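1. based on what follows, work out the 3D shape:
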Amino acid sequence: MDDQNKNLILATALSLLVILAWFWLFPQPEPSKTAQDKGTATQTAAGNDQSTAKSDGAAATQPAETGTSAPAPQAGSGTDAAASVADRVAKLPRIKIETPTLEGSISTLGGRIDSLKLKDYRETVDKNSPLVELLSPAGSPDPYYAVYGWAPGNGLTGADVPGPNTVWTAPAGATLSPGHPVTMTWKNDKGLTFERTLAIDDKYMFTVTQKVVNTGTAAARLAPYGIVARHGIPKGKMYYLLFEGAYQMADGKLEEMSYKDLSKAGAVNGVGDHVKQIPGASTGWTGITSKYFMTALVPDQGKKATQTAQYVNGSDIYQVSVQEPTQSVAPGKSVETTTRLFAGAKVYDILKGYEKQGVPRFIDAIDWGWFFFLTKPIFLVLHFIHGIVGNMGLAIILLTVTLKIIVFPLAYKSYVSMARMKELQPEIEKLKEKAGDDRAKLQKEMMGLYKEKKVNPAAGCLPILIQIPIFFSLYKVIYVTIELRHAAFIGWIRDLSSPDPSSILNLFGLLPWNVPPVDSPIHIISLGVLPILLGISMWLQQKLNPAPADPTQKMIFAWMPWVFMFMLGSFPSGLVLYWITNNTITFTQQYIIMRSHGAKPDVFGNIRSGFNRKKKAEGK
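-> Okay, the predicted model is just below:
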């Protein structure tokens, strides 16, 4: 077996290893509208809306003087109480939300921000499909909401402060929209008047200002908090390398807690709650994220606040919260605190804009992956090219060209080395004849020949080694950035983040039957146009050289393009498009370099000889 073919075998093995690891790390998703797009909880809410002693659906509070900074859910009184909360949420007045990017409403029960749809995103590529629903109220199939309140300090009880079950008074017919804030009020019987003013920008950021005025005769001590609560976890498969769960960004350090991590955190508070708490952070934010969407609490930067990520075992609720230190309100005085709430899509430009407005490392809400140092630049280049050409598929092609230009100096050395190895084949054959069965002598003389001719026999593996991190990084860009979600290319390719929807099983739409769904065991043979083009591009690349004489090598090379074709058939279309483009450019580069070094690749002759060998084998 000559060294050039050894290199090809090694490159093939590396490639197959990458693909096999890929299928293990990224199993294909089940077809569920909530698994990828909806970003909301999936446990049925009616039986779980029971987190406080008063049967609230999200959070009761610990006394503000106890030293426990985060609101802590408590056990409720069962499904009847939960149904009661859901019924009240449905019947009480609501405040409409209307912006260029959002539509929804706020419940006057607790002032819950609990109904929110994203106008720019639909559940499928069908333009008539429902809008993506991010937040939903108690009583819906997927409760997921934000709620604010005050934790009582010394001299106050839970009944003296507004919480998730408080019924607020709001202006009749009020609509929250950019430039038109809405103020809700509530009073207790101890002379405290609470005001909550909600404002919203034209994207995804709410500003929640909580104020308390003391008209009583005694000082009041209390601590403001905000909570994002989610019942259950998303349906469908969870991905090993795709983070979904709770983020805590505190003083420049980002911590990730998956749903599994939270559910296994240490039990505290005597009720089986699982808590991860960061006290006294001066800057940061905390939120619950899915693949494309996030809901995050952003406290006033520069003021100390305690971040808590928590799982309520009895109610199957995941939540994050921010609580500021206890404040004292003297008679005749007032205090005011402001928190922001992000609820929307993780669009790079929007997150970057909020980052410039003082939300630290907000773009890291996007799961950039292990190769973040490559993923971010690749995304930025792709984003820039897309802004010029206006088509994401074309942008991927141009990005691939750009990447090939960047790595060309290394690839050139590799291709030159492969070409020179081919030139040395006659001399290597002579050395083999001279050495006979003495393998040690042959290896020594071959290494001397390589050194004399300045040829690196391992250089042929360089292109595939360069391609692996780029492949993983580009996969992350295509798979997790919302800019690629439902991005069209041409004709039938309407979503570059999903597999090619065409299929050879119905002759690419010419026959009147549907193709197997993604979760079907026979979907692997439902090849689309792009996977077939990928197989052909790999096959043509092989034909730059004659088939090896060794039967084992010959079999591996004969099957490799078609194995890749089937294995990559269910990959995102954008990634397959990248690989086709990469193969095409690589073929062209190798052909030109080989000819410049005296080699004359006979592609069509190698194809004909392959068919001729098959005919001879069949005739025997």
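
2. ignoring the adjacent residues along the chain, who's closest to Ser497?
-> The shortest distance from Ser497 to any non-neighbouring residue, by C-beta to C-beta, 6 or more residues apart in numbering, is to Leu484 (4.7 Å). Every C-beta, even on glycine, is put in place using the N, C-alpha and C of the backbone.

3. residue furthest from the geometric center of the protein?
-> Among residues of the chain, the one most distant from the C-alpha centroid is Lys434; the distance is 58.7 Å, by C-alpha atoms, centre = their mean.

4. in what helix or strand does that one lie?
-> Of the helices and strands defined by DSSP states H and E, Lys434 is found in helix 425-435.

5. after that helix comes which helix or strand?
-> helix 439-453.

6. with adjacent residues omitted, what lies nearest to the residue farthest from the centre of the chain?
-> The shortest distance from Lys434 to any residue that is not its chain neighbour, by C-beta to C-beta, 6+ apart, is 7.7 Å, and that residue is Glu445.

7. so the one you found sits against Leu431, correct?
-> Yes. Glu445 is in contact with Leu431 according to C-beta atoms under 8 Å; the separation is 5.1 Å.

8. quick check: can you list the domain ranges of this structure?
-> 3-24+376-619, 41-367 (automatic domain parsing).

9. give me whichever of the ones you listed is most buried.
-> domain 41-367 (a mean of 20; mean count of other C-beta atoms under 10 Å).

10. mind checking pLDDT for the residue farthest from the centre of the chain?
-> According to the model's per-residue confidence, Lys434 sits at a pLDDT of 80.

11. repeat for Gln28
-> Value for Gln28, per-residue pLDDT: 43.

12. please apply the same query to the one 5 residues further on.
-> pLDDT, the model's per-residue confidence, is 37 for Lys33.

13. can you start the count at 25 instead of 1 from here on
-> With the count now opening at 25, the last piece we talked about shows up as Lys57.

14. helices and strands of the protein: which one has the lowest mean pLDDT?
-> Taking mean pLDDT, DSSP states H and E as the measure, helix 57 is the helix or strand of the chain with the lowest mean score, a mean of 37.

15. which stretches of the stretch 175-324 of the chain have low pLDDT?
-> 258-265, 289-297 (pLDDT under 70).

16. residue boundaries of the strands in the stretch 525-644 of the chain?
-> Under the criterion DSSP state E, counting those that start in this stretch, strands are not mapped anywhere in the stretch 525-644 of the chain.

17. and the stretch 325-474 of the chain, by the same measure?
-> Taking DSSP E, counting those that start in this stretch as the criterion, the stretch 325-474 of the chain carries its strands at 329-336, 341-347, 351-353, 358-369.

18. what of the stretch 125-274 of the chain?
-> Taking DSSP E, counting those that start in this stretch, the strands of the stretch 125-274 of the chain run over residues 126-131, 137-146, 155-159, 168-176, 199-200, 206-211, 216-224, 229-238, 244-255, 269-274.

19. let's have those in TSV, adding distance to Arg619.
-> As requested, those are arranged in TSV below (distance: least, C-beta to C-beta, whole Å):
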stretch	distance to Arg619
strand 126-131	59
strand 137-146	50
strand 155-159	53
strand 168-176	61
strand 199-200	68
strand 206-211	72
strand 216-224	63
strand 229-238	58
strand 244-255	61
strand 269-274	54
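
20. residue contacts, the nearest residue to Glu360 once chain neighbours are set aside?
-> On the basis of C-beta to C-beta, 6+ apart, the spatially nearest residue to Glu360 that is not a chain neighbour turns out to be Lys235, at 4.3 Å. Shown here is Lys235, whose contacts under the criterion C-beta atoms under 8 Å, 6 or more residues apart in numbering are Phe218, Glu219, Arg220, Thr221, Ser358, Val359, Glu360, Thr361.

21. wait, what's in contact with the first one?
-> Looking back up the chat, that one is Phe218. Taking C-beta under 8 Å, 6+ apart as the criterion, Phe218 is in contact with Trp174, Val185, Pro186, Thr209, Trp210, Lys211, Asn212, Gln234, Lys235, Val236.

22. what sits against the fifth one?
-> Contact partners of Trp210, counting by C-beta under 8 Å, 6+ apart, are Pro186, Thr190, Val191, Trp192, Thr193, Thr217, Phe218.

23. now swap in the third one and tell me
-> The contact partners of Pro186, by C-beta under 8 Å, 6+ apart, come to Gly134, Gly135, Gly173, Trp174, Trp192, Trp210, Phe218, Arg220.

24. OK, contacts around the closest residue to Ala244 other than its chain neighbours?
-> Spatial nearest neighbour of Ala244, excluding adjacent residues (C-beta to C-beta, 6+ apart): Val353 at 4.8 Å. Residues near Val353 by C-beta under 8 Å, 6+ apart: Leu216, Val236, Val237, Asn238, Ala243, Ala244, Arg245, Leu246, Val359.

25. try Val236
-> Taking C-beta under 8 Å, 6+ apart, one finds Trp174, Leu216, Thr217, Phe218, Glu219, Ala244, Leu246, Val353, Ser358, Val359 in contact with Val236.

26. alright, calling it a day.
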